[in-house]
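Asks: Model the following, please.
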Amino acid sequence: MRLRLVGFEMAEVFRMVRIGTDSAIILWLQRSMMRVENVMFLLPNKIKLGVLVVSLLIAAESSAQVTITAADMFNKTGLYYRAYMNASDTAVSGFLGKPGGSQAWDFTKGPTDQILRFDYVPIDQSPFPEAFPNAKTVERKLNESDGSLAWLFFEQVPGRGRKVYGFFDPEFGIGSNASVFTAPIFDFPETINMNDSWTTSVSFISEIGLSDSEIDPEDPLGGGGFSFSIPLRINLSSSFKADAYGIVNQPGVGFGDALRINELQTISIDADLTGDGQFDNVSLDFVRTYYWLRPGLGIAVQITSIQQTTPPPDEFSTAIAFLRTFETNHPKGEDRPIVNGVTGLKASYGGDRVLLNWNTTANITTYAVEYTENIGDPGSWMRLGETKSNFMIDSDVRGKTVRYYRIVGVN
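Replies: Numbering: from 1, shown residues only. Take a look at the predicted model:
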């Protein structure tokens, strides 16, 4: 016998979630809707896989809003992280979510066209240290696909946040000049909480190269090949807001609490077309970026819209950049266990007990079963037991409303 409630079966009240390299299952026993003895009668022994959004979103409410601090970011030399990134515009419908919380974002799947590595090195290990005399640390971005490099110059200021002085990217502008900000900006404050907001505004000088590559047969000198540059003044204004929170799941580093930052950036470009030092506006564009910040992982995920002449909507469908961190040596990030892969986790409920079973894995001989009732506290996981089989029974679920399970390959 099953109770149908607004089109959902009480039998379908749990969801299996693929968490990085392990599996976790969220079992929701919503006993507050009826007397306990009725739940025992109405829930069948075999709970069907299916309605995961209902159980996941309700369970996520037990996770507190996360606070991101400077200790969670990458601001010390010797740290690094690697991230997957797309090579061309990519569809992101269904990835962004909505403002508020709590919610869940699944970034385990996404583009893997390129791999970027970000290393944090001393200022003297970078080009143009003289152009940024106050910078203390450099973010060096390596595109592992083609070997190209770019640098971001900054310092972490106690009590304020990350103070950025400029950057150097060979693909931006021409020549070998660094892009030095007229005045530095604090792009990420030292502490960020839900609903925090801030703004930044910066200008810097660059240039664009133009050439006439066509050969003029009537020109005795051959024509063509003439090149020149036009000075540009780039003006960037951004508004940031921490507008959502919840659980993020991504490859390699697993799942955890996250705070989403919504940035709307205005890009205004002025050009000196006559060479007399007078700049006139030639374009005005907008771009929106979402950052998912996680404790110990900093900017764990980033999705940036395509650039357009009007502000992109909150739920844009196409991105020019989609980055997902999958490896790091951040001290806080390394505290997150990376476990062997276990798949096919299922649950059967009956008689105040939960039967967990999963697929066997060739390279794993012993499985550890763990559970928690507070997914927001990484230290709350408890060991249910170990087994060499592919099943285990949890016989202590009486009176529980939310319980999370994970199966860890011990060896």
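
Asks: Mean pLDDT per helix and strand in the chain: which one sits at the bottom?
Replies: When the helices and strands of the chain are scored by mean pLDDT, DSSP states H and E, helix 36-42 comes last with a mean of 24.

Asks: now the helices for the stretch 51-200 of the chain?
Replies: All helices of the stretch 51-200 of the chain, identified by DSSP state H, counting those that start in this stretch, fall at 52-60.

Asks: which residues of it score low on pLDDT?
Replies: The stretch 51-200 of the chain contains residues with pLDDT under 70 at 51-64, 173-176.

Asks: As a check, name the ranges of all strands in it.
Replies: Per DSSP state E, counting those that start in this stretch, the stretch 51-200 of the chain carries strands over the ranges 68-69, 80-85, 90-91, 100-106, 114-122, 137-143, 149-157, 161-168, 179-189, 191-192, 197-212.

Asks: for the fourth one, the distance to its chain's centre please.
Replies: Just to be clear, that refers to strand 100-106. Strand 100-106 has its average C-alpha position 12 Å from the chain's average C-alpha position, going by CA atoms, centre = their mean, to the nearest Å.

Asks: Mind listing the strands it pairs with, and their directions?
Replies: Partner strands for strand 100-106, per DSSP bridges, with pairing direction: strand 226-250 (parallel).

Asks: pLDDT averaged over the partner strand - what is it?
Replies: Averaged over strand 226-250, pLDDT sits at 89.

Asks: what mean pLDDT does stretch 346-357 have?
Replies: For stretch 346-357, mean pLDDT rounds to 83.

Asks: please renumber so the chain begins at 511
Replies: All right, first residue 511 from here; so that's stretch 856-867.

Asks: List the buried residues for that stretch?
Replies: Neighbour counts using 16 or more other CB atoms under 10 Å place K856, A857, S858, Y859, V864, L865, L866 of stretch 856-867 among the buried residues. Just so you know, the C-beta spots here come from the backbone N, C-alpha and C atoms, and that holds for glycine as well.

Asks: Would you mind stating the distance between the fourth one and Y914?
Replies: What that stands for is Y859. Y859 sits 15 Å away from Y914, going by CB to CB, to the nearest Å.

Asks: residues near the nearest residue to A693 once chain neighbours are set aside, how many?
Replies: Spatially, and ignoring its direct neighbours in sequence, A693 is nearest to V712 (6.8 Å; CB to CB, 6 or more residues apart in numbering). Neighbours of V712 under the rule other CB atoms under 10 Å: 19.

Asks: go on, the one 3 residues further on?
Replies: Other residues lying near I715 total 17 when counted by other CB under 10 Å.

Asks: for the residue nearest to it when sequence neighbours are not counted, what are its contacts?
Replies: Closest residue to I715 apart from its sequence neighbours, by CB to CB, 6+ apart: R743 at 5.9 Å. Neighbouring residues of R743 by CB atoms under 8 Å, 6 or more residues apart in numbering: S713, F714, I715, S716, I779, D780, A781, D782, F789.

Asks: looking at the sheet around R743, what are its partners?
Replies: Assigned bridge partners for R743, using DSSP bridges, are I715, D780.

Asks: Which members of the buried residues of stretch 856-867 are positioned in helices?
Replies: Among those, no member is found in helices (DSSP state H).

Asks: What residues are bridge-paired with T838?
Replies: Legend: beta-bridge partners of T838 under DSSP bridges are Y591.

Asks: Check the gap between it and R804 for me.
Replies: On the measure of CB to CB, T838 and R804 end up 10 Å apart.

Asks: and those two? which has more neighbours close in?
Replies: Between T838 and R804, counted using other CB under 10 Å, the more crowded position is R804 (26 against 23).

Asks: pretty sure E825 is in a strand, no?
Replies: No - read with DSSP: H, G, I helix; E, B strand; the rest coil, E825 is coil and lies in no strand.

Asks: and it, how many residues sit next to it?
Replies: Neighbourhood size, E825 [other CB under 10 Å]: 13.

Asks: what's near enough to touch I830?
Replies: Going by CB under 8 Å, 6+ apart, I830 touches D599, V797, T814, S815, I816, Q817.

Asks: Can I get the host helix or strand of T814 as PDB, trimmed to CA atoms?
Replies: Using DSSP states H and E, T814 sits in strand 808-815. Included here for strand 808-815 are C-alpha records, laid out as PDB according to Å, rounded to 0.1, in the frame of the first residue of the first chain:
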ATOM      1  CA  GLY A 808      38.300  29.400  -3.000                       C
ATOM      2  CA  ILE A 809      36.600  29.900  -6.400                       C
ATOM      3  CA  ALA A 810      35.600  26.300  -6.900                       C
ATOM      4  CA  VAL A 811      33.400  26.900  -9.900                       C
ATOM      5  CA  GLN A 812      33.100  29.900 -12.300                       C
ATOM      6  CA  ILE A 813      30.600  30.500 -15.100                       C
ATOM      7  CA  THR A 814      30.800  33.600 -17.300                       C
ATOM      8  CA  SER A 815      28.200  34.700 -19.800                       C
END
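
Asks: how does this protein divide into domains?
Replies: Here the domain parsing of the chain from automatic domain parsing is 514-576+847-919, 585-839.

Asks: which residues of the stretch 761-910 of the chain score low on pLDDT?
Replies: In the predicted model, the stretch 761-910 of the chain carries pLDDT under 70 at residues 843-851, 873, 886-889.

Asks: need the helices for it, in chain order.
Replies: Using DSSP H, counting those that start in this stretch, the helices assigned to the stretch 761-910 of the chain run over residues 841-844.

Asks: List the contacts of the residue most central in space within the chain.
Replies: The structure's the chain has its C-alpha centroid closest to V811; by CA atoms, centre = their mean the separation is 1.4 Å. V811 sits next to W615, F617, V758, Q760, A768, Y800, Y801, W802, L833, R834, T835 when contact means CB under 8 Å, 6+ apart.

Asks: Please repeat the previous calculation with a cut-off of 7 Å.
Replies: Residues in contact with V811 (CB atoms under 7 Å, 6 or more residues apart in numbering) are F617, V758, Q760, W802, L833, R834.

Asks: Between strand 736-760 and the strand holding T814, find me the angle.
Replies: Here the directions of strand 808-815 and strand 736-760 differ by 120 degrees (axes from the mean of the first three to the mean of the last three CA atoms, to 10 degrees).
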